[in-house]
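J.: How does the following fold in three dimensions:
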Amino acid sequence: MTEDFKSGFVTLIGRPNVGKSTLMNRFIGQKIAITSSKPQTTRNRIQTVYTDPGRGQIIFVDTPGIHKAKNKLGEYMVNVAESTLKDVDIVLWLVEPSTFIGAGERHIVEQLQKVDIPVLLIINKTDTVKKNEILIIIDAYRQLFRFAEIIPVSALTGDNTDEILDAVFTYLPYGPMYYDEETLTDQPERQIVAEIIREKALRCLSEEIPHGIAVTIESMKIRPKSNLFDIEADIICEKDSHKGIIIGKGGAMLKKIGSYAREDIEELLGCKVNLKLFVKVRKGWRDSDIQMKNFGYDPREM
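T.: From the prediction side, this is the model:
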């Protein structure tokens, strides 16, 4: 490690579904944070590590989307996102490629005005608009806040994402290597497995149900003298009617979720997986401090 090595913490913030997790996965070249087209996909603060031995180490902090909370889980998610602003060196604010700047964006600006660190505006999803529209969008946001940089990108295609890394290393302070070069995330394997299952449920199920589900890993063991993991997981939902939908006719939906999840889990663990899924009802868990804590959402750990 050289004397000009840089290191620090960079948070990704933005409204739900702007592509924060997709961008973070793009940087590290591996799926750590789950993605879907539905809001409230990311619920916890997830750290991933990008190391360039010649330049430095970036610890990316992916956060839940900032939104108007409707229950205790929602409040927890917003608090997680906003509290990270006090603990980082740089902020990446991801926005949609639109000139419409609503109450949600203005609320984020209010939060950014409370901190004295570089803020990089990342206009994501540029693959969905014409190039001449991007200049108009940049001009609209430039009037909102004094950004250190404004960078248009597509996290999905990877277009211009290297520009973000270059800008981050420009503003990052000099410092030590926090993690060894092989480290990609601080997330335990069990938590990543649970999130993969939740992602597949989000993608397979209808709009209403996903907000009310959680996933817990009840058992995760590798069989002796074999390259096979046995995993048992519970999908938690809030209503009996939701349980029937998650299981599906003849167990078809649960089988579909399990099949998709198994593929990603096998890629993550590098071995075959025997995955068993069960569905349980815990009414009103999103408004219960005790049950939220049981499912990994503890406000005291923020």
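
J.: Give me the below-cutoff pLDDT ranges for this structure.
T.: Counting by pLDDT under 70, the chain has low-confidence residues at 1-2, 30-46, 62-84, 186-187, 206-211, 288-302.

J.: ranges for the strands of it?
T.: 6-13, 46-52, 56-62, 90-95, 119-123, 149-152, 214-222, 228-237, 272-281 (DSSP state E).

J.: which residues touch the shortest one?
T.: So the one you mean is strand 149-152. 97, 118, 120-123, 126, 134, 137-138, 141-142, 160, 163-164, 167 (CB atoms under 8 Å, 6 or more residues apart in numbering). Every C-beta, even on glycine, is put in place using the N, C-alpha and C of the backbone.

J.: repeat for the fourth one
T.: Residues external to strand 90-95 that are found in contact with it (CB under 8 Å, 6+ apart): 8-15, 18-20, 23, 85, 105, 108, 112, 115, 117-124, 141, 164, 168, 171-172.

J.: do stretch 215-223 as well
T.: By CB under 8 Å, 6+ apart, the list of residues contacting stretch 215-223 reads 189-190, 193-195, 197-198, 201, 228-236, 271, 278, 294-296.

J.: From the chain's centroid, how far away is that stretch?
T.: Centroid separation between stretch 215-223 and its chain, computed with CA atoms, centre = their mean, to the nearest Å, is 22 Å.

J.: Settle this for me: residue 18 is touching residue 97, isn't it.
T.: No. Taking CB atoms under 8 Å as the definition, residue 18 is not a contact partner of residue 97, at 10.0 Å.

J.: Give me the common contacts of these two.
T.: Residues touching both residue 18 and residue 97 by CB under 8 Å, 6+ apart: 124, 125.

J.: More neighbours: these two, which one.
T.: residue 18 (23 against 20; other CB atoms under 10 Å).

J.: quick one, what contacts that one?
T.: Residue 18 neighbours (CB under 8 Å, 6+ apart): 65, 94, 95, 96, 124, 125.

J.: In helices, which of the contacts of strand 149-152 appear?
T.: 134, 137, 138, 141, 142, 163, 164, 167 (DSSP state H).

J.: Closest to residue 49 out of those?
T.: Nearest to residue 49 among the ones in helices among the contacts of strand 149-152, counting by CB to CB, is residue 164 at 15.7 Å.

J.: Around the closest one, how many other residues sit close by?
T.: 21.

J.: My guess is it contacts residue 123. True?
T.: No. With contact defined as CB under 8 Å, residue 164 does not reach residue 123; the gap is 11.1 Å.

J.: circling back: would you check which pair of the contacts of residue 18 lies furthest apart?
T.: 65 and 125 (14.5 Å).

J.: residues near the residue lying closest to residue 256 once chain neighbours are set aside, how many?
T.: In this structure, residue 256 finds its nearest non-sequential neighbour in residue 204, 5.6 Å apart by CB to CB, 6 or more residues apart in numbering. Around residue 204 there are 19 other residues, counting by other CB under 10 Å.

J.: who's in contact with residue 204?
T.: Counting by CB under 8 Å, 6+ apart, the residues that residue 204 touches are 253, 256, 257, 260.
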